[in-house]
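Chemist: Next input, structure requested:
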Amino acid sequence: LYAVWCAKPFILNRSVELNPFRTKYFLYIDAGAFRSSNYRFQSWPYEPSIHSILANNRLLLGMISPLPRQFCPLSYTIDKGPIRHNLIEGGLIGGTSDIIHWWTSVFYETINIYTSKNFFIGKDQCLMNAIALTYPHRINMMLSFRTSCGNKCLLFVWFRRISTNNTSQVNVSVSHRTCVLQANGRTHNFTYTNGWQVYSGLPVTERKMNRSWYWNEEERFLPLDLPNKTCKIIYCGANTAGTDGLHFALKYPSCHIYFLEPVLPFYEELIHSSRIRNLLTGDRSSLYHVYPFGLSNQSYFVNVNEKTFSQGQSLSLTDHTQSKSDKYYKLIVRDIAEILFEFKILKKTISLIENELSLLHLNCEGCEYDVIERLVTTGLIKHIRHVQFGSHRPIEMQSTVAERYCLLQSSLKNSHDCVFGIPWGWERWTYRNRQISKPT
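Modeler: Okay, the predicted model is just below:
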């Protein structure tokens, strides 16, 4: 029996190697799933959902029980041994050929490691638990234990299609639920706005071990593939110093850069800062533009008091009526779809839209949701080479922000590949069908 259990990765990997039907995705299912009359498999798998679940080159597994509260390691490694809890079911393993090859290799490497340490390796689920916790970024986890529609060990894929125009309603799918669980799991405190607050609130010893798990600010400056002659960057949320835009100006000297900052006191400080003044008066001043407005899914004015923007609330969620405070600022917010054409970044012809924005860089305390959703619904997202944003948890939507964040992730996957990213930190998405720029 133990030999059969341990042969599952081999069987699946062998199917990948033979691939008689020239298929793109592969799935191992225990034969016991077919013995129940409750499962007829007449409309399974649901074809439109297959790509969205398996195309991100992660392994699909099923989880039949949540992690016990006393067992919640932040950084698990294989050498800590098998995890003897009923967490991951052994009857479902799926993914692309690449991820199946990876899983097979790491599974049998783990067996060798555990054998050398005299660990019991007969129960494959204990090994699967350890591997999944060691490599969480390689796994799509189906949360079977959270459903009530039959045997959770035989729950392969459960979908409910919802017809709605309200993006706050969730398309309940495996990948979405997993994303929500992971995103909420990174907060630790629901009053936090972003990952930096979570990270800074950790004990010193834990900060040293887990910085990248909570906060990845350095990654936003990783090299970008940008066009040589028509490079254009929109940087929304320049604040008082324009730090990120200054970095781009230095690293990509041929790029046009648009600095956007809607909060007037911040904007005034920005344009009077010495480094921004040097840009605007230097030899390449025609490349740099500074504007006192923000971005959203429509154009409007919004009254914001000092307390609101000091707390980091989202412009898109702030009450659009006059503040009760005596001290407030009228902010200008512009529709991203209008700005792309107004700045002559994109160009409309009779039958199509031409050109692209090289980089959309958002650090705007919550506007990222409205902006990216607007680009997706208009189809303009396909004209953005790189989308880079810090995801935030605006105070007024913290109870549902994880679901909206995960819907954003799902939408971006249709046209872009995720280069890096963590919830409430920084992430970058690159258009899948772009033409690679050649160095000059």
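
Chemist: mind showing which ranges of the stretch 101-250 of the chain have poor pLDDT?
Modeler: 144-177, 186-192, 206-213, 228 (pLDDT under 70).

Chemist: mind listing the helices for it?
Modeler: In chain order, the stretch 101-250 of the chain shows helices spanning 124-134, 174-185, 195-200, 204-214, 243-251, with DSSP state H, counting those that start in this stretch as the criterion.

Chemist: which one of the ones you listed is the most hemmed in?
Modeler: Among these, helix 124-134 has the highest mean neighbour count (mean count of other C-beta atoms under 10 Å), at a mean of 22. For every residue, glycine as well, the C-beta is placed using N, CA and C.

Chemist: Run through who's touching it.
Modeler: 5-6, 8, 61, 73, 76-78, 80-90, 103, 106-107, 110-111, 114, 120-121, 139, 141 (C-beta atoms under 8 Å, 6 or more residues apart in numbering).

Chemist: Of those, grab the buried ones for PyMOL.
Modeler: A single PyMOL command selects the buried members of these (16 or more other C-beta atoms under 10 Å):
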select buried, resi 6+8+61+76+78+81+82+83+87+88+89+90+103+106+107+110+111+114+121+139+141
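
Chemist: Need the phi and psi values for the nearest residue to residue 276 once chain neighbours are set aside.
Modeler: Sequence neighbours aside, residue 242 is the residue nearest to residue 276 in space, at 5.4 Å (criterion: C-beta to C-beta, 6 or more residues apart in numbering). Torsion angles at residue 242 (phi, psi; degrees, to the nearest 10) stand at phi 60, psi 40.

Chemist: got a list of what residue 242 touches?
Modeler: Contact analysis of residue 242 by C-beta under 8 Å, 6+ apart lists 235, 259, 261, 270, 273, 275, 276, 290.

Chemist: returning to what we had before: adding distance to residue 13, write the helices of the stretch 101-250 of the chain out as JSON lines.
Modeler: Putting the helices of the stretch 101-250 of the chain into JSON lines (distance: least, C-beta to C-beta, whole Å) gives the following:
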{"stretch": "helix 124-134", "distance to residue 13": "14"}
{"stretch": "helix 174-185", "distance to residue 13": "23"}
{"stretch": "helix 195-200", "distance to residue 13": "37"}
{"stretch": "helix 204-214", "distance to residue 13": "30"}
{"stretch": "helix 243-251", "distance to residue 13": "43"}
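
Chemist: and residue 418, which of these is closest to it?
Modeler: Closest to residue 418 of the helices of the stretch 101-250 of the chain, according to C-beta to C-beta: helix 174-185, at 11.6 Å.

Chemist: Export the contacts of residue 242 to a markdown table and append columns for neighbour count and distance to residue 14.
Modeler: Formatted as a markdown table, these follow (neighbours: other C-beta atoms under 10 Å; distance: C-beta to C-beta, whole Å):
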| residue | neighbour count | distance to residue 14 |
| --- | --- | --- |
| 235 | 26 | 50 |
| 259 | 28 | 56 |
| 261 | 27 | 58 |
| 270 | 22 | 60 |
| 273 | 15 | 62 |
| 275 | 14 | 60 |
| 276 | 22 | 61 |
| 290 | 19 | 60 |
